[in-house]
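Trainee: I would like to see how this sequence folds:
(4 chains)
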Protein chains: 2
Amino acid sequence: MEIELQIKMNEKLFLRNPEHSELGKKIIRHSIQLIYKNGFESFTFKKLAEDIGTTEAGIYRYFENKHRLLIYIAAWYWSWLEYRVSVNTNNLKDPAVKLKKVIKLLATAVEDDIKTTHVNENILHQIIIAEGSKAYLTKHVSEDNKDQLFKPYKDLCAAIGEIILACNPKYKYPKSMASTIIEMAHFQNFFMNNLPALTDFGKEKDELKIVSFLEELVFSSIKKGYPG
Amino acid sequence: MEIELQIKMNEKLFLRNPEHSELGKKIIRHSIQLIYKNGFESFTFKKLAEDIGTTEAGIYRYFENKHRLLIYIAAWYWSWLEYRVSVNTNNLKDPAVKLKKVIKLLATAVEDDIKTTHVNENILHQIIIAEGSKAYLTKHVSEDNKDQLFKPYKDLCAAIGEIILACNPKYKYPKSMASTIIEMAHFQNFFMNNLPALTDFGKEKDELKIVSFLEELVFSSIKKGYPG
DNA sequence: TTTTAAAAGATAGTATTACTATCATTTAAA
DNA sequence: TTTAAATGATAGTAATACTATCTTTTAAAA
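Mentor: This next block holds a predicted model:
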């Protein structure tokens, strides 16, 4: 039996659903590779088309512009992460154990077991670290947000917020704590590898140190101590 | 007696020092306004030149490209913040009181008393919140970092790290905690105003709530309790 | 006060980017 | 088998991101 992970994406994220055709899947796969290789700024639909072996106009039939494509990729990532969080935590009772698991999922590289056909999740993780915030750091965030383009991020944040509240129902900032964990899992990683003076992990470059930092940060704040 | 705040900037940040001429100062002032108004993506040297009443070529004599100009503006902001941190904390003995002061300086809008002639600091604060991370989220961070372009950020981070260590010399993550405070002071503000579901401050939109959140986060982690 | 050099203005030009439009051909669904 | 949808091929445009050159203005040195 072959199981393929299909994530249902918001229709507003694209002009034509890239999951529904070979070309569409190629667009996603190759844009992830190209953005990883050269960064989002130097990424263009022309280069992408050449890389795939199609034409610029072909790409424009799927996505309005490269920023929309970035939002799509980010949304896919957040949906996928929420899926992994739910799979990896719903058999756990202790919310503190759950929260530890969440931090680990956020802050460490993916073990490449559950392979979805057309996405390299490790590279995806890397580009979301470096380019992910550009999806919402724009003048048109609010309109994009009205179109629900950031729903997967907000859902993940809400889910983590729930776990935090389960640890301590009186904690006052579950959602801000959740977004802090998410953003810092990524930023501390980026800093560690690129601006090490901004972290305490520059020498070892060990993701597990980020996990320890975040765990200490979170659990001392929500005051439930460490789980086993 | 007239005192003007002059911040010495790294020579590699520009081709010609914008502080040394009227045109240069106009470039800084007007770019801050334009980026604030339309966002960094739609900001171009052409538009800037028209806004100022000079030519594109004129701007290029000061800055290699718009990204360098953003780095310059960000560097100026971080230098200015470090200056304000030192002015506002060096008469304080208790490091915990110092740290509270730092959090407030980072997370709340500027009282526009100390006016530097050509920069609107409130608008500057806003654009750093929305665009600041784009200064380093690039493929060429490491080279830029070698040119010391991010030194002001790193210095500020180091200074805050020192205060954290003064609170608790055994705390293991002073620099990561410092960069977390800095980034979250900005991101929680951006989220509060643009993606409120990611925070617990969406309704009131009150910066002081962010201050409370950060204080609780920081002090429960470094375990020295709140100052008076 | 003149000379000289640096800065700014004016104008032109190029390659690339970010699209839109059209028409022919292939592929897949009815 | 027909018909529509998707793709390919090609062209074209406005804007962006520059570089180059030449003239005029401004400011500093002799």
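Trainee: List the buried residues of stretch A:50-67.
Mentor: Neighbour-count burial for stretch A:50-67, counted by 16 or more other Cβ atoms under 10 Å in any protein chain shown, picks out A:51-52, A:54, A:58-59, A:62-63, A:66-67. Backbone N, C-alpha and C define where each C-beta goes, glycine included.
Trainee: Apologies, that question was intended for stretch A:141-159.
Mentor: Going by neighbour count (16+ other Cβ under 10 Å), the buried part of stretch A:141-159 is A:141, A:144-145, A:149-154, A:156-159.
Trainee: right, is it up against chain B?
Mentor: Yes. Using Cβ under 8 Å from any Cβ of the partner chain, we find that stretch A:141-159 touches chain B at A:141-142, A:145, A:150, A:153-154, A:157-158.
Trainee: Which members of those residues occur in helices, if any?
Mentor: A:141-142, A:145, A:153-154, A:157-158 (DSSP state H).
Trainee: now these as TSV including pLDDT and distance to DNA strand C?
Mentor: Compiled in TSV, these are given as follows (pLDDT from 0 to 100; distance: Cβ to the nearest atom of the strand, whole Å):
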residue	pLDDT	distance to DNA strand C
A:141	98	17
A:142	98	19
A:145	98	20
A:153	98	22
A:154	98	25
A:157	98	28
A:158	98	31
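Trainee: which of these lies closest to residue A:111?
Mentor: Nearest to residue A:111 among these: residue A:153, at 23.0 Å, using Cβ to Cβ.
Trainee: Residue A:201 against residue A:211, yeah?
Mentor: No. Contact status for residue A:201 versus residue A:211: not in contact, 10.4 Å apart, counting by Cβ atoms under 8 Å.
Trainee: more crowded one of these two?
Mentor: Per other Cβ atoms under 10 Å in any protein chain shown, whichever of residue A:201 and residue A:211 has more neighbours is residue A:201, with 23 against 19.
Trainee: Report the contact partners of the closest residue to DNA strand C within chain A.
Mentor: Checking chain A residue by residue against DNA strand C with Cβ to the nearest atom of the strand singles out residue A:65 as nearest, at 3.0 Å. Counting by Cβ atoms under 8 Å, 6 or more residues apart in numbering or on different chains, residue A:65 touches residue A:45.
Trainee: Over to residue A:200?
Mentor: Residues in contact with residue A:200, defined by Cβ under 8 Å, 6+ apart, are A:209, A:213, B:172-176.
Trainee: could the residues you listed be laid out in TSV, adding neighbour count?
Mentor: Formatted as TSV, the entries for the contacts of residue A:200 read as follows, by neighbours: other Cβ atoms under 10 Å in any protein chain shown:
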residue	neighbour count
A:209	21
A:213	24
B:172	13
B:173	24
B:174	22
B:175	24
B:176	27
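Trainee: Which of the ones in helices among the residues of stretch A:141-159 next to chain B sits closest to residue A:44?
Mentor: Of all those, residue A:141 has the smallest distance to residue A:44: 23.0 Å, by Cβ to Cβ.
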